[in-house]
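> quick one: sequence and predicted model below, then my questions.
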Amino acid sequence: MALSDGKIRWGILGTGFIAGLQTQDLLENGFTVQAVGSRSLDSSKSFAGRHGIPAAHGSYEELVADPDVDVIYIATPHPMHHANALLALNAGKHVLVEKSFTMNAREAQEIVGLAASKGLVALEAMWTRFLPHMVRLREIIGAGTIGEVRKVVASHNQSLPKDPAHRLNDPALGGGALLDLGIYPISFAFDILGTPSRIHASASMTATGVDRQTAAVFEYDGGAQALVDCELDAASANRALVIGTDGWIDIEHTWYNPVPFTVHAVDGSVVERFEQPVNSRGMQYQAAELERLVGAGETAGAILPPEETVAIMAAMDEIRRQIGLSYEADRA
């Protein structure tokens, strides 16, 4: 079954690496990519040529004004998401905004509020939420197969560029492990357990003043916990666990990609092993959710509603407060 009927026309805002991945997944799965926009017309034309996109614009303003575009996918660095999303929404376009959605909860709320006032979709591009293995995982938990969920454990550790001038290490560009990597396990904890009642965080910082590694414990009033961690200069297996009173779910490396998972009973026996290969990288599923919302005339879905995106940003704000990490956007 096709994920898109091709009627909704996409515009790509930004021409970086992640923009290319999303565009490829769109094109390989029946979506219509109509235009791309960059601050550089040469970059836009080059991107359009590589992907066979009909229109190339030399500014973001031209892209969002394109009458042949219905949805804008925003793939710029985090500090630009807020302005880019407001620009697109004010032009009457739905938006799919890369994670981290914004720099902080205030910016997120402004985007979500504007989208709601205009009857437009503002969806966070947390692609993992929409992958088949996560859909099945939620079904298993909902059915009570592993009993009451007591703990979620998830890591996202990578060995990334050490250059102090690299975006990941630059405070001016929203650098640090938390916003780039920590968003994955944090969003996963929210997906399974909801908004925590209390957060305890710890971090080590780089010489440039961003977090090199961060760990947090989320506590919930019912007694459940989530243990989440991220690091940008050391890699790990990047597995995830959901632990319940009647068993546990082990999601394999790399858990936030479309990978297999195994459901175990308390005695360790296998209850179910889920493995469903997907076409392309898997980023097409988040785009399909946005198109579903638009087609249904809805602005919020159950899998990742806008208010949860804001709550996730608020949780990261609290983690940053505890570890002493602030950005220019916090002073706006």
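The structure has been received and is ready for your questions.
> distance of the residue lying closest to Gly144 once chain neighbours are set aside from Ile141?
Nearest residue to Gly144 in three dimensions, chain neighbours excluded: Asp246, at 7.7 Å (C-beta to C-beta, 6 or more residues apart in numbering). From N, CA and C alone the C-beta is placed, and that goes for glycine too. Using C-beta to C-beta, to the nearest Å, Asp246 is found at 11 Å from Ile141.
> just Pro79 next, same as before
In terms of C-beta to C-beta, Pro79 sits 35 Å off from Ile141.
> comparing these two, which residue is more hemmed in?
More neighbours surround Pro79 than the other of Pro79 and Ile141, with 22 against 19 (other C-beta atoms under 10 Å).
> mind listing the strands for the stretch 201-332 of the chain?
Residue ranges of the strands in the stretch 201-332 of the chain, as given by DSSP state E, counting those that start in this stretch, are 211-219, 225-231, 240-244, 247-251, 261-265, 270-274.
> please identify which of those is closest to Tyr184.
Nearest to Tyr184, of all these, is strand 225-231, at 7.7 Å by C-beta to C-beta.
> run through the neighbouring helices and strands of the closest one.
Under the contact criterion of 3 or more C-beta pairs under 8 Å, 6 or more residues apart in numbering; DSSP states H and E, strand 225-231 touches strand 149-157, helix 183-193, strand 211-219.
> how many neighbours does the residue nearest to Gly144 have?
Neighbours of Asp246 (other C-beta under 10 Å): 13.
> and if you look at the one 10 residues further on?
Applying other C-beta under 10 Å, we find 24 other residues in the vicinity of Tyr256.
> okay, now Val97: neighbour count?
For Val97, the tally of surrounding residues (other C-beta under 10 Å) stands at 28.
> how about the contacts made by it?
Shown in contact with Val97 (C-beta atoms under 8 Å, 6 or more residues apart in numbering): 74, 81, 84-85, 111, 122-125.
> same thing with Gln276?
Counting by C-beta under 8 Å, 6+ apart, Gln276 touches 132-133, 136, 258.
> repeat that for 7 Å
132-133 (C-beta atoms under 7 Å, 6 or more residues apart in numbering).
> where does it fall, phi/psi-wise?
Gln276 adopts backbone torsions of phi -130, psi 100, taken as degrees, to the nearest 10.
> do the same with His51
Here His51 shows phi and psi, under degrees, to the nearest 10, equal to phi -110, psi 0.
> show me where pLDDT drops low in this protein?
Residue ranges of the chain with pLDDT under 70: 1.
> care to break it down by domain?
Domain assignment for the chain by automatic domain parsing gives 9-128, 132-277+313-331.
> how about those, which one is nearest Gln286?
Proximity to Gln286, assessed across the domains of the chain by C-beta to C-beta, is greatest for domain 9-128 (4.6 Å).
> and the closest one, how far out from the chain middle?
Using C-alpha atoms, centre = their mean, to the nearest Å, the mean C-alpha position of domain 9-128 is found 14 Å from that of the whole chain.
> and the closest residue to Asp163 other than its chain neighbours, how many residues sit next to it?
Leaving aside its sequence neighbours, Asp163 sits nearest to Asn169 (C-beta to C-beta, 6+ apart; 6.8 Å). Using other C-beta under 10 Å, Asn169 has 22 other residues around it.
> please look at Asn169 and Gly175 and confirm they touch.
Yes - checked against C-beta atoms under 7 Å, the pair Asn169 and Gly175 is within contact range at 5.0 Å.
> which residues does the spatially most central residue of the chain contact?
Nearest residue to the geometric centre of the chain (C-alpha atoms, centre = their mean): Met126, 2.4 Å. Neighbouring residues of Met126 by C-beta under 7 Å, 6+ apart: 99, 187, 304.
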